[in-house]
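> sequence and computational prediction follow.
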Amino acid sequence: MQAQGIPQQRALGRAVRELRARRGWSQEHLADRAGVHRNYVGSMERGELNPTWRTLLRFSAGLHIPMTELFAVYERQLAGG
């Protein structure tokens, strides 16, 4: 099945997936750390959601990274790399 969402949402999802995978975490583990439902992590990683600023802050905190790192990985993903 083809990924849903606009290119920016898909790039953000790939960025979250990359950052989570670097740590060897499951979607459920990240969800617990970020205070969101585990299904939300999967939907976001597939680019199906347009998260709020507050949710992005939760993911950044859950991953223990500055928001700038999340955006840097997002921009690299958006550029195709």
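In hand now; what should we look at?
> and the next element down the chain from the helix or strand Y40 falls within?
In the assignment (DSSP states H and E), Y40 maps to helix 38-45. Sequence order places helix 53-63 as the next helix or strand after helix 38-45, per DSSP H and E.
> how about the helix or strand following that following helix: buried residues?
Remark: after helix 53-63, the chain's next helix or strand is helix 67-78, criterion DSSP H and E. For helix 67-78, the neighbour count (16 or more other C-beta atoms under 10 Å) marks L70, V73, Y74, Q77, L78 as buried. Every residue, glycine included, has its C-beta placed from N, CA and C.
> the inter-axis angle of the helix holding Y40 versus helix 53-63?
Angle, helix 38-45 to helix 53-63, by axes from the mean of the first three to the mean of the last three C-alpha atoms, to 10 degrees: 100 degrees.
> follow-up on the earlier one: among the buried residues of helix 67-78, which two are most distant?
L70 and L78 (12.4 Å; C-beta to C-beta).
> mind listing what's buried in the strand or helix carrying A11?
Here A11 sits within helix 7-22, counting by DSSP H and E. Within helix 7-22, the residues that qualify as buried are Q9, R10, A11, L12, G13, R14, A15, V16, R17, L19, R20, counting by 16+ other C-beta under 10 Å.
> and for stretch 22-38?
W25, Q27, L30, A31, R33, A34, V36.
> and which of those residues is nearest to T55?
So of those, ranked by how close each gets to T55 (C-beta to C-beta), first place is V36, at 6.9 Å.
> where does the closest one fall, phi/psi-wise?
With angles defined as degrees, to the nearest 10, V36 sits at phi -130, psi 170.
> double-check it against L57; I have them as touching.
No. Using C-beta atoms under 8 Å, V36 is not in contact with L57; the gap is 11.4 Å.
> go ahead and confirm M44 touches V16.
Yes. Using C-beta under 8 Å, M44 is in contact with V16, at 5.9 Å.
> now the common contact residues for these two.
Residues touching both M44 and V16 by C-beta atoms under 8 Å, 6 or more residues apart in numbering: F59.
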